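Visitor: this is a predicted model, with the sequence first.
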Amino acid sequence: MNSLSTALPPALSHGARAVERCDVLGRAPYSDMENGLYRAWLTPAHKAALETLRGWMADAGMAVRMDPMGNLVGRYEGSQADLPPLMIASHIDSVRDAGFYDGPLGVMLGVECVAALHQAGRRLPFPIEVVAFGDEEGSRFPAAMLTSRAMAGTLDEAALEMADARGVTLAEAMAEFGLDIARWREAKLARTPLAYMEAHIEQGPVLEAQGLALGTVTGIAAQLRYQITVLGKAGHAGTCAMGLRQDALTAAAEMVLAVEEIARADASDLVATVGRMAVLPGAANVIPGETVFTLDVRSGDEARRDRAAGAILARIRDLAKARGLGVGIEKIHNLPASPCAPDLMDLMDAGIAATGQEPFRLVSGAGHDAMVLEAICPTAMLFIRCRGGISHNPAEHVEVPDVEAAFAAMIHFIENLGAKYG
Ligand SMILES: [Zn+2]
C-alpha cells in the first residue's frame, strides 16, 4: 500500500500532499459506499485507510503501532528520553456521504509535520505521536469518541456493550478487524501527553466571513439542551373566536423569536437554536393545543451560556403566562465547556502570526476528540477555513494555500513548544 505515497510527485508541498492524501482516502477502497465517502469505525474501509496511513507514517520517519481500539499511532522519538509525547491527532472515520477533510486533514497535517522534521534531521526534546482516532463521528455504533476515551482512560466498560444497526456486536466487529475486545484497557496511554494538538476544518462560516485562513480555538463550547412543552387548548379552527383561543403554536412562535433576539443581543460566541418542533394535534382545521420544541444553547463560556439560557427560559415562562398557557421545561443534557490551554493558545497565535496572518480566536461549536483529551492534558486546536462553512457533505472543500499555512503554523507551534523544553 506504500506505493501510493511514492506515486505522488516529490515536488508536492506539505499542504498539497496533505490535501491530496485526504482525496485519495475519499475513494475506494477507503470508502464503504458507492459514489461517496463512508468510512465508519472497524469497517473494511477503515482497515484499508489504516494500512495506507501506516505506510505514510513510516515514510515520514515514524514507528507505527495499532492500539487495541484500532487507533493508529505513529511515533517520532525526541532527543530527551524522559519527556512525555506531544500528541497530534484527529479522526480517520467519517459520517455517511461525508466530505474528505473532516478528521483526516488533521491526521495528514500531523504526518506532514513529522515528515518535514525528519527530512531536516530535526528532533524535538519530546517525542511526537501522530494519532488517527477510530470513531469520533459515532456513525456505526450508537456512541462516539470511544477510542479517544479508551486512550484517555475515561471510557466506561458498559459503553462497549452495543451493536451496530445490523446487529453486529462491538466484540464481533473488533474480532473481524483483528482486535480483541478483552484487551481494550491496554489502549490507555502509558504516559499522559505533554500536550495535545488537533488541526481541523472549522465546519462553520466564521473564518471565511473574516477573510482568514486560520484560527486559534479557545475551547469547545459548553452545550445545554432543553425540551420545552407549551400547553394550550385545542379547538375548532372555524368556530373558536380569536380572542378566546389558547393557541400553543402562536405562543411557541413568539418564544422562538425571543430565543433569537436574546442570543443576537449577546455579541459574543453565544448561539441558541430551536431545531425541532412538533405541533399537536397537527391538523389544518384544529387550533394547536400543544407544541413541543428543542432549545440548544452553546458558548465557550459556561457562565455566559447559563446566563443566556436563564434569560431565555424566563422569557418563555413570561410569554406563556401572558397568554394564559402552561409551559413545561425539561433539561435534556448539559455538556461542560472544554477550554484549550491559555499558554498553548498563545503558541498557536504565534504560529499563525508567523504565516503572516493576524491571529484570530474562535470557539468550536462542534465536539472533537480534543474535548476527551482535555480531561488529562493541556489541549490546543487550530481551525482551517472551509468553503461556505460546509461540512458533513461531499461539497466540503479546503484551499491548498490555507492548508499550507496550517502546516507552517503547526511547525512553528511545535518548534516554540520545543524551545520551552530545550
Ligand atoms: Zn471531525
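Guide: Noted; the coordinates are in hand. Numbering: from 1, shown residues only.
Visitor: could you find the closest non-adjacent residue to the closest residue to the ion within the stretch 201-350 of the chain?
Guide: Residue nearest to the ion within the stretch 201-350 of the chain (CB to the ion): Gln203, separated by 7.1 Å. (C-beta placed from N, C-alpha, C; glycine too.) In space, and not counting its chain neighbours, Gln203 is closest to Ser391: 3.8 Å by CB to CB, 6 or more residues apart in numbering.
Visitor: quick one, phi psi at that neighbour?
Guide: phi -150, psi 170 (degrees, to the nearest 10).
Visitor: what's the distance between it and Leu105?
Guide: 11 Å (CB to CB, to the nearest Å).
Visitor: residue ranges of the strands in the stretch 101-250 of the chain, please?
Guide: Assigned by DSSP state E, counting those that start in this stretch, the strands in the stretch 101-250 of the chain fall at 128-133, 195-201, 214-220, 222-231, 235-236.
Visitor: can you pull the buried residues of the longest one?
Guide: Yep, that's strand 222-231 we're talking about. Using 16 or more other CB atoms under 10 Å as the test for burial, strand 222-231 gives Ala222, Gln223, Leu224, Arg225, Tyr226, Ile228, Thr229, Val230, Leu231.
Visitor: just put the residues you listed in a markdown table and tack on pLDDT and distance to the ion.
Guide: What follows is the buried residues of strand 222-231, written out as a markdown table (pLDDT from 0 to 100; distance: CB to the ion, whole Å):
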| residue | pLDDT | distance to the ion |
| --- | --- | --- |
| Ala222 | 92 | 19 |
| Gln223 | 91 | 16 |
| Leu224 | 94 | 22 |
| Arg225 | 93 | 20 |
| Tyr226 | 95 | 26 |
| Ile228 | 97 | 30 |
| Thr229 | 98 | 33 |
| Val230 | 98 | 35 |
| Leu231 | 98 | 39 |
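Visitor: just name the closest of those to Ala309, please.
Guide: Closest approach to Ala309 among these (CB to CB): Leu224, at 5.1 Å.
Visitor: report the contact partners of the closest one.
Guide: Residues in contact with Leu224 (CB atoms under 8 Å, 6 or more residues apart in numbering) are Asp296, Val297, Arg298, Arg305, Asp306, Ala309, Lys331, His333, Asn334, Leu335.
Visitor: in the stretch 251-400 of the chain, what residue comes closest to the ion?
Guide: His368 (6.0 Å).
Visitor: touching, the residue of the stretch 201-350 of the chain closest to the ion and Asp102? I think so.
Guide: Yes: between Gln203 and Asp102 there is a contact under CB atoms under 8 Å: 6.7 Å.
Visitor: joint contacts of those two?
Guide: Between them, Gln203 and Asp102 share the contacting residues Ser391, His392, judged by CB under 8 Å, 6+ apart.
Visitor: higher neighbour count, the two?
Guide: Asp102 (26 against 20; other CB atoms under 10 Å).
Visitor: pretty sure the residue nearest to Gln203 is touching Asp102, no?
Guide: Yes: contact criterion CB under 8 Å: Ser391 and Asp102 qualify, at 5.3 Å.
Visitor: who touches both of these two?
Guide: Contacts common to Ser391 and Asp102, judged by CB under 8 Å, 6+ apart, are Ile201, Gln203.
Visitor: center of the chain, which residue is that?
Guide: His368 (3.1 Å; CA atoms, centre = their mean).
Visitor: distance from the chain centre to stretch 265-273, please.
Guide: Remark: stretch 265-273 is offset 20 Å from the chain centroid, using CA atoms, centre = their mean, to the nearest Å.
Visitor: list the buried residues in it.
Guide: Asp266, Asp269, Leu270, Val271, Ala272, Thr273.
Visitor: try stretch 378-389
Guide: Pro378, Thr379, Ala380, Met381, Leu382, Phe383, Ile384, Arg385, Cys386, Gly389.
Visitor: what sits against the third one?
Guide: Counting by CB under 8 Å, 6+ apart, Ala380 touches 195-198, 216-217, 340-341, 344-345, 347-348, 413.
Visitor: again, but for the last one
Guide: Contact criterion CB under 8 Å, 6+ apart gives Glu202, Gln203, Gly204, Pro205, Val206, Glu208 as the residues in contact with Gly389.
Visitor: could those residues go into CSV alongside pLDDT and distance to Arg140?
Guide: Output for those, formatted as CSV (pLDDT from 0 to 100; distance: CB to CB, whole Å):
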residue, pLDDT, distance to Arg140
Glu202, 97, 25
Gln203, 96, 20
Gly204, 95, 25
Pro205, 95, 29
Val206, 96, 30
Glu208, 98, 31
